[in-house]
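Asks: What shape does this take:
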Amino acid sequence: MDQTAKLAKALFKNADDPKLAWQLFKRILSSPPSAAHAQCVARSLPVIARILVRAKMLPEIDGLRSLVLSSCPAETRPSSLVFLVKLLARSGLLAAAVSQFKSLRSCFPDHPPSVFVYNLLIQACLRENDVDDVLWLYQDMVVAGLSPETYTFNLLIGALCEVGRLNDARNLFEKMPKKGCRPNEYSFGILVRGCCRARLCGQGLELLNEMKSLGITPNNVVYNTLISSFCREGMTDEAEKLVERMRGDGLSPDIVTFNSQISALCAAGKVLEASRIFRDMLSDQELGLPEPNTVTYNLMLEGFCKEGMWEEAKTLGDTMKRKGELMKLESYNIWLLGLIRKGNLLKAQSIINEMTESGVEPSIYTYNIVIDGLCKNGMLSDARTVMRSMKSSGVSPDTITYSTLAQGYCSKGKMLEARNILQEMMKSGCFPNNHTSNFLLHSLWKEGKISEAEKLLQKMNERGYGLDIVTCNIVVHGLCLRGELDKAMEIVSGMWSHGSAALGNLGNSFIGLVDNANDCNKCCPDLISYSTVISGLCKAHRIEEAKKMFAEMINRKIRPDSVIYDAFVYALCKEGKLSSAFRVLKDMEKKDACVKAGRINDAPAILDEMIEKGVFPNITTFKILIRAFCKAGDFGLAQEMFEIALNICGHKEPLYSLLFNELLTRKEIDAAEELFKAAINRHFDLGDFLSNHLINILCNEGKIDNASGILNRMIDSGYGIDPASFMPVIDGLRHKENKKEADQLAKRMMDIVSYEKCKEMMAAGLSPELSSIYRKAGVRAVYQVCSKRKMITWIFEMIRNLFDCSSAPYRILKREETIIVEMLGSSFLDITEANRLEESRLLLMHAGAEYSCHDIRWASVWS
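Replies: Okay, here's the model as predicted:
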C-alpha cells in the first residue's frame with residue numbers, strides 16, 4: 001500500500017484523537033507526490049476539517065487554511081475553503097466562520113461563493129445578533145455582483161423587524177422587485193408579524209390585502225398572527241371577520257387559530273370572551289371547530305386564575321382531571337400559581353401529593369412555586385418541610401429554591417437562619433446570584449450588622465459577582481441609615497468617574513472589592529442613589545446640601561420623582577417654613593425661567609425644575625402639607641391645599657379623612673361637618689373618620705338636629721353605624737321633647753342591630769375575602785368585586801340571600817332598595833351573559849315577587 005494511503009487510513013482511524021489526526025494530515029500533505037497522493041488529500045481534507053471544528057481547535061483551523069492555500073491544487077482551493085466556512089457556520093463558530101470567509105474573499109476576489117453561502121452566514125449572524133457582519137455580508141454580495149434571493153431578503157426583513165426597525169424593513173420589502181425578487185408568502189408573513197408586534201394591526205391587514213392583489217394566497221400563519229393581534233388589541237369583531245375570511249380563502253381555522261384567539265383575549269383580561277370561544281369549541285365540533293387540546297385548557301385555566309375567577313378555574317381543573325390526559329405538569333403548575341395567588345396555601349401543599357398519586361412527577365419549578373408562596377406568607381417552617389420533601393423525592397433544590405428561603409428568613413429578620421441556608425446552598429454546589437446576594441446585603445445593613453455585610457461583599461467579589469448599581473445603592477442606603485451622609489454623598493458623586501470602585505472610599509474591606517476592569521458606565525448613580533441621599537439630608541435638616549445634590553442630579557440628566565419632592569416639602573414643613581412649602585406647591589402650575597438658568601436657591605425653583613420634568617406630588621405629599629397647615633392653625637391654607645390635592649390626585653378617601661380628623665381635633669366643627677357630609681355623598685369607606693366623635697361634639701354643643709341629620713343620612717346611604725352613636729342623639733331629642741323623632745331614631749337603631757345580624761348571616765356564606773369586604777364596606781362593595789372578577793356563582797348567591805333575609809333585617813334591606821335594584825339589573829346581565837340560564841330564571845322569579853315591572857328602576861332590566 002502507498003505510504004500516503006497508509007497515512008490517510010491512520011487518519012480515519014484516529015478521528016477521536018484530534019491532535020494525532022492533525023499531525024497525520026500534515027504528513028499526508030508533505031508526502032512525496034504519487035499517483036494516489038491527490039486522491040488521498042481530497043478524501044482527507046473534509047475529514048480533518050470536521051475533526052478540528054468538532055474539537056474547536058481554532059489555531060489549527062487557521063493552519064489548515066494556510067496549508068490549503070499553499071499545498072492543495074489551485075483548482076480545489078476555493079471549494080475547500082468554502083467547505084470549511086460552511087462547516088464553521090453550522091457548528092456555531094461564527095467568528096471563525098466570518099474570519100475564514102473574509103480571508104476567502106481576499107484571496108479569491110473574482111470567485112465569489114454562491115448566494116447559499118451568504119445566506120448561511122447571514123442566518124448565523126442573525127442568531128448571534130451580529131448586525132455589523134450582516135450588513136457587511138449583504139454589501140459584499142452586491143459588490144460581488146450576486147443577486148440576493150427572496151430568502152436573503154426574508155432573512156434581512158426579519159432581522160429588521162426583530163430590532164423594531166419596521167420602516168426600514170418595509171423599505172427593503174418594497175425594493176425586492178427592483179432586485180429581481182418577488183415577495184412570497186413568507187416575506188409577507190414576516191412583515192405582518194413585525195407590524196403586529198408593533199401594534200400596527202391595520203398595516204398588517206393592508207399587507208394581507210396586498211397579498212391577495214398579487215395573487216399570493218395567505219397561509220394559516222399569516223391569518224393566525226393577525227387574529228391574535230386583533231384580539232390582543234380588543235378588536236374581537238375584526239378577528240371574527242378574519243376567521244370568516246380565512247374560510248373564504250379555503251383555509252380551515254385550526255387549533256392554533258383558536259388558541260391564538262384565546263391566548264390574546266386572556267392576556268388582555270377578556271376572559272369571558274375567551275370562555276365563549278372555548279365553549280364553542282367544546283360544543284360545536286360538528287360545525288368543523290377543532291377540539292380543545294391541552295394548550296387550550298391550560299390557557300383558559302391560567303386566564304381564570306389571573307382574573308380571580310376561582311370557581312370557574314376549579315371547575316375546569318376538575319374537568320381536566322376527569323379526562324386524565326389533559327392534566328399535565330404545566331396544568332398543575334398553573335393551578336398551583338392560582339392557589340398561591342388566592343392564598344390557599346394548604347391546598348397548594350396538598351396538590352404536590354395529588355400530582356404524585358396521579359403519576360405526574362412535580363418538577364423543581366413546581367416545588368419552587370409552593371416554597372415561594374409559603375415564604376411570602378411567612379410560613380418558613382412549612383417551606384423547609386416542602387424542601388425536605390422534594391429532596392426525598394429525588395429533586396435537588398436549585399439556586400432559586402435556596403434563594404427564596406434565604407430571602408424569606410431575611411424578611412423576618414432571621415439572619416442566622418438565612419446564613420445557614422447559604423452555607424447549605426454552597427455545600428450542595430449551588431451559589432447565590434447577584435439578586436440574592438444583594439437582598440442579603442440589604443438585610444444585613446438593615447439589621448445593623450455592618451461587619452457581616454462587609455464580609456458578604458468580600459465573598460461576592462471572590463465569587464466573581466460584579467458589584468452593580470443595586471449593590472452600591474444598598475451601601476449608600478445603609479450609610480444614610482447610620483447617619484454617615486458625607487460618606488454617602490462622596491460615594492454617589494464618585495461613582496460617575498469610578499463606578500462601583502467609589503465604594504473603596506469607605507477605607508475598610510470594601511476597598512478591594514472592585515475589579516478595575518469593570519466598565520464604570522454600568523454602575524453610575526441613578527434616581528434611587530440621589531433620592532436616598534437627598535431624603536437623608538432633608539431628614540437631617542441639611543436642606544442646602546440637599547439642594548446641591550439635586551442640582552448635580554439635574555445636571556446629570558436624571559429626572560427627579562415625587563419621593564424627592566416629598567423630602568423637600570417635609571423638611572420645609574418640619575422647619576416651620578409653611579409659606580415656602582405652600583409656594584412650592586402653588587408654583588407647580590407655572591414654569592419659571594430660573595429653572596433653565598440653574599437657580600435653586602428656594603423651594604419654588606426646585607419645584608419648577610420638577611414640573612419641567614413632568615413630576616407631580618402624590619397623596620403623601622399633600623397629607624404632609626395639610627397636616628402641617630392644620631397644626632399651625634392656618635385652616636384657610638389647609639383647605640386651599642385640599643382643593644389643589646383634589647384637582648391633582650382626584651377625590652380620594654385618605655384626603656377627606658385626614659382633613660376631617662384634623663378639623664375635628666382642632667375644633668373646626670362646622671367645616672368638619674360639611675366635609676363629612678361630602679364624604680357620605682361619595683360613598684367613601686368611613687372607617688378612618690372619627691364620626692362618633694363628631695356626633696358627640698354636636699350633641700354637647702346642643703346641635704341635636706345636625707347630629708340626627710348625619711345619622712339618618714348615613715343610614716339612608718347604607719352605612720353600618722355603631723349603636724352607641726345613637727344614644728346621645730336620642731337622649732337629646734327626648735330632652736327637646738321631640739319624642740316622635742326620638743322613637744323613630746330608636747327604632748332605626750334596633751333595625752341596625754338586627755341588620756348587623758343579617759350581615760353576619762350573609763357573610764357566613766361568603767369566602768373569607770368577600771366576607772371581610774362585606775363587613776367593612778357592605779353589599780355594594782362585594783357585588784363590585786364579584787362583578788369585576790366575573791364570580792357568577794357568588795353574585796347569584798348574594799342576591800338570593802338578600803331576598804331570603806326576613807323580618808327586621810329585611811326592613812333594613814328595604815332602605816337599600818335603590819342599591820338592590822341597581823345590583824339586580826347588573827347581576828342579571830352578568831349571570832345571563834355567562835349563559836347561566838337557570839340562575840337567571842330564578843333571579844327573575846325573586847325580582848318579580850318584590851318589584852313591579854312598572855318600577856322605573858327595574859323596568860329596563862325586566863324588559
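Asks: In the protein, which residue is most central in space?
Replies: With distances taken as Cα atoms, centre = their mean, A267 lies nearest the centre of the chain, 12.0 Å away.
Asks: do you know how far the closest residue to that one other than its chain neighbours is from R197?
Replies: Among residues not flanking A267 along the chain, R232 sits closest, at 6.2 Å (Cβ to Cβ, 6 or more residues apart in numbering). Yep, even glycine has a C-beta here, placed from its N, CA and C like the rest. Separation of R232 from R197 (Cβ to Cβ, to the nearest Å) stands at 10 Å.
Asks: of these two, who's got more company?
Replies: Legend: neighbour count by other Cβ atoms under 10 Å for R232 and R197, higher for R232 (21 against 15).
Asks: Quick check, pLDDT for the more buried one.
Replies: The model reports R232 with a pLDDT of 78.
Asks: thinking it is in contact with G269, fair?
Replies: No. Here R232 does not reach G269: they are 10.7 Å apart, not a contact under Cβ atoms under 8 Å.
Asks: avg pLDDT for stretch 109-120?
Replies: For stretch 109-120, the per-residue pLDDT averages 87.
Asks: what about L326, is that helix, strand or coil?
Replies: Assigned by DSSP: H, G, I helix; E, B strand; the rest coil, the conformation of L326 is coil.
Asks: thought it was touching Y297?
Replies: Yes. The pair L326 / Y297 is scored as a contact, 5.3 Å apart, by Cβ under 8 Å.
Asks: which residues do the two both contact?
Replies: M320 (Cβ atoms under 8 Å, 6 or more residues apart in numbering).
Asks: which residues make contact with the helix or strand containing M281 from outside it?
Replies: In the assignment (DSSP states H and E), M281 maps to helix 271-283. Helix 271-283 is contacted by residues 236, 258, 261-262, 265-266, 289-292, 296, 299-300, 303-304, 306-307, 309, 312, 790, 833-835 when judged by Cβ under 8 Å, 6+ apart.
Asks: Which secondary structure element of the protein has the lowest mean pLDDT?
Replies: Least confident helix or strand of the chain, by mean pLDDT, DSSP states H and E, is helix 593-596 with a mean of 30.
Asks: What ranges does the stretch 651-800 of the chain have for its helices?
Replies: Taking DSSP state H, counting those that start in this stretch, the helices of the stretch 651-800 of the chain run over residues 653-665, 669-681, 691-700, 704-716, 726-735, 739-764, 768-777, 779-789, 792-804.
Asks: what's the average pLDDT for the fifth one?
Replies: What helix 726-735 shows for mean pLDDT is 81.
Asks: So, low pLDDT: which residues of the stretch 201-350 of the chain?
Replies: In the predicted model, the stretch 201-350 of the chain carries pLDDT under 70 at residues 284-288.
Asks: just the stretch 401-550 of the chain next, same as before
Replies: Across the stretch 401-550 of the chain, residues meeting the criterion (pLDDT under 70) sit at 457, 459-466, 504-522.
Asks: what about the helices in it?
Replies: Here the stretch 401-550 of the chain has its helices, by DSSP H, counting those that start in this stretch, at 415-427, 434-446, 450-462, 469-481, 485-498, 527-539, 543-555.
Asks: so which of those helices comes closest to E701?
Replies: Nearest to E701 among these is helix 527-539 (41.0 Å), distances taken as Cβ to Cβ.
Asks: hmm, who's touching that closest one?
Replies: Here helix 527-539 makes contact (Cβ under 8 Å, 6+ apart) with 469, 472-473, 476-477, 480, 485, 488-489, 492, 495, 543, 545-546, 549-550, 552-553, 558-561, 563-564, 567-568, 570-571.
Asks: now do 6 Å
Replies: Contact partners of helix 527-539, identified using Cβ atoms under 6 Å, 6 or more residues apart in numbering, comprise 473, 476-477, 480, 485, 488-489, 492, 545-546, 549, 553, 558, 563-564, 567, 571.
Asks: swap in stretch 14-29?
Replies: 4, 7, 10-11, 40, 44, 48, 51, 55, 57, 60, 67, 71.
Asks: of the residues you listed, buried ones?
Replies: For the contacts of stretch 14-29, a burial check counting by 16 or more other Cβ atoms under 10 Å picks out T4, L7, L11, C40, S44, I48, I51, A55, M57, E60, L67.
Asks: Find the residue closest to the second one in space, skipping its chain neighbours.
Replies: This points to L7. I28 (4.8 Å).
Asks: Which pLDDT does the model give that neighbour?
Replies: Reading off the model, I28 has pLDDT 78.
Asks: before we move on, what about D372?
Replies: 90.
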